[in-house]
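Asker: sequence and predicted structure below; questions after.
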Amino acid sequence: MRNQVKYKRLIKLSFAVVQMCFILILYYFVWTDYYNKVVTSPFWRRGNWMMVFLYGILLYFFMKMYGGFKVGYLQKGNLIFSQILSVCFTNIFTYFQITALNKHFFVPTVLLLMTAADIVVIVVWTILFQKLYLRLFPPRKLLLLSGNRSDYHLIEKINTREDKYEIIDTINYKKGFELFQKKIQNSDGVIIGDIPSHERNQILKYCFEQNIRAYSVPKISDILLKSSAELTLFDSPLLLSRNEGLTIEQLWGKRLMDLIFSIVSLVIALPFFIVIGGLIKLTDPGPVFYKQERLTVNGKIFQIYKFRTMIQDAEKETGPQLASKEDERILPVGRFLRRFRLDELPQIFNILKGDMSLVGPRPERPELAKEIEKEIPEFPYRLKVKAGLTGYAQIYGKYNTTSYDKLKLDLTYIRNYSMWLDLKLILMTPKIMMLKESSEGVIDKKCTGRKVGISDKTLC
């Protein structure tokens, strides 16, 4: 396995290059044999190559954005979906590009047929290559080094990727370094759980010395250190953590982006407001919109607006709690709205008011936040920026991701903030809205000490 890893990047590159070539060749023939003959001012040889080049740039951008090249990293279904989404967006942009050249709109029949052919190429090539890739690079056999906390969630997540990882053994760090040295010989790598810093440093140094692949579960302090600035003022390296939140320039730029995107989104979303409001009224009597107290920057409480997806007075007897996967309180139309996150559309008004930002940590309820803080005192760290309609944790996490992991994702966003990161997360949102796994409810299981979905101990 270790000897084959050096060729992995080359093999992944060949996958991307061949797939791009297939799609570009299709576009070349569609452009030269049809569109170049019907546009007002036809192109010659160099013009044709320029059109193919521009198409390739767009395709590469969306493939990189949505993970279309991540063979061996994303699951097969997710990978194919990412590629199809990339091709669809590329072809939509290309349609408007050709329309601009033609100076009037045309029926996109040929472009739709080309998209269908692209999808066939994507599905066939990805399935074939994925089978070859799994044969060349079978799942890594990993040793899990556990700590004082339960590693149930970690094991559960790793087991969902049987194509990539296989945990062959689990030992607790308290059993000693010698046992670890013995066990690791039969593994392709180690997963270092939430163990004390001294033991973790010892393991990491040993793995570095022996060329052993090591996966570490980061602590909050690791995320803060990782995003620190490096200073070389002296012969001793220093890491600087400013810890002041966003700069004034970033705050102004972020607010300007919020206003532009929210105004445009409101105009586009108006027809959806009418249709969704009608469906809710037909399903269950009562208000269309739902207001609820949420937390934003510096712990400020505001009223968030959402489409109502549950029966009226859903928490009258149970009190505040997250919805479970098969929650009987959710309306039939509410399941559809939650599945595609359309229930959050009214938050556009919160963004216009300045309560929220387009991108930021998920706005949490004050009652649930207090419960979470009992186990995770660092949870308020995520309130250094405004809450967001979409965000890092919403994109890379799931609805049922633990609060501790969501905190880590939110801190990663805050510590690495940039306008480009905001734009990237906005462009990633359509993909996440369509993926079922990212909008799953909290799995309802019998647990000790906490309500469903609040803490790392939720699933026991």
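Answerer: All right, it came through fine. For clarity, every value in this text was computed on a predicted model and none was experimentally measured.

Asker: okay, now the nearest residue to Arg294 once chain neighbours are set aside: neighbour count?
Answerer: Using C-beta to C-beta, 6 or more residues apart in numbering and skipping residues adjacent in sequence, the residue nearest Arg294 is Pro363, 3.7 Å away. The C-beta positions use only the backbone N, C-alpha and C, and glycine is treated the same way. The local packing of Pro363 (other C-beta atoms under 10 Å) involves 25 other residues.

Asker: roughly how far does Pro363 sit from Asn298?
Answerer: Distance, Pro363 to Asn298, using C-beta to C-beta, to the nearest Å: 13 Å.

Asker: which neighbours do those two have in common?
Answerer: With contacts taken as C-beta atoms under 8 Å, 6 or more residues apart in numbering, Pro363 and Asn298 have no neighbour in common.

Asker: how about the strands in the stretch 251-400 of the chain?
Answerer: Here the stretch 251-400 of the chain has its strands, by DSSP state E, counting those that start in this stretch, at 289-295, 301-307, 357-359, 388-390.

Asker: list the buried residues for the third one?
Answerer: Buried residues in strand 357-359, counted by 16 or more other C-beta atoms under 10 Å: 357-359.

Asker: tell me the one among those nearest to Tyr95.
Answerer: Leu358 (26.5 Å; C-beta to C-beta).

Asker: surely the closest one meets Leu259?
Answerer: No. In this structure, Leu358 is not within contact of Leu259 by C-beta atoms under 8 Å, at 9.4 Å.

Asker: so which of the strands of the stretch 251-400 of the chain is the most surrounded?
Answerer: The highest mean neighbour count among the strands of the stretch 251-400 of the chain, using mean count of other C-beta atoms under 10 Å, belongs to strand 357-359: a mean of 27.

Asker: that one packs against which elements?
Answerer: When contacts are defined as 3 or more C-beta pairs under 8 Å, 6 or more residues apart in numbering; DSSP states H and E, strand 357-359 packs onto helix 248-283, strand 388-390, helix 419-434.

Asker: change it to 6 Å
Answerer: helix 248-283, strand 388-390 (3 or more C-beta pairs under 6 Å, 6 or more residues apart in numbering; DSSP states H and E).

Asker: please parse the protein into its domains.
Answerer: The chain breaks down into these domains under automatic domain parsing: 5-136, 140-217, 249-439.

Asker: just say which of the ones you listed is most tucked in.
Answerer: domain 249-439 (a mean of 17).

Asker: show me where the stretch 351-460 of the chain has helices.
Answerer: Under the criterion DSSP state H, counting those that start in this stretch, helices of the stretch 351-460 of the chain are mapped to 366-375, 392-396, 403-415, 419-434.

Asker: and the stretch 101-250 of the chain, by the same measure?
Answerer: 109-136, 152-159, 177-183, 197-209, 220-226, 248-283.

Asker: please produce a markdown table containing those, extended by mean pLDDT and distance to Arg45.
Answerer: Formatted as a markdown table, the helices of the stretch 101-250 of the chain follow (pLDDT from 0 to 100; distance: least, C-beta to C-beta, whole Å):
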| stretch | mean pLDDT | distance to Arg45 |
| --- | --- | --- |
| helix 109-136 | 94 | 21 |
| helix 152-159 | 83 | 52 |
| helix 177-183 | 92 | 63 |
| helix 197-209 | 93 | 54 |
| helix 220-226 | 89 | 50 |
| helix 248-283 | 92 | 39 |
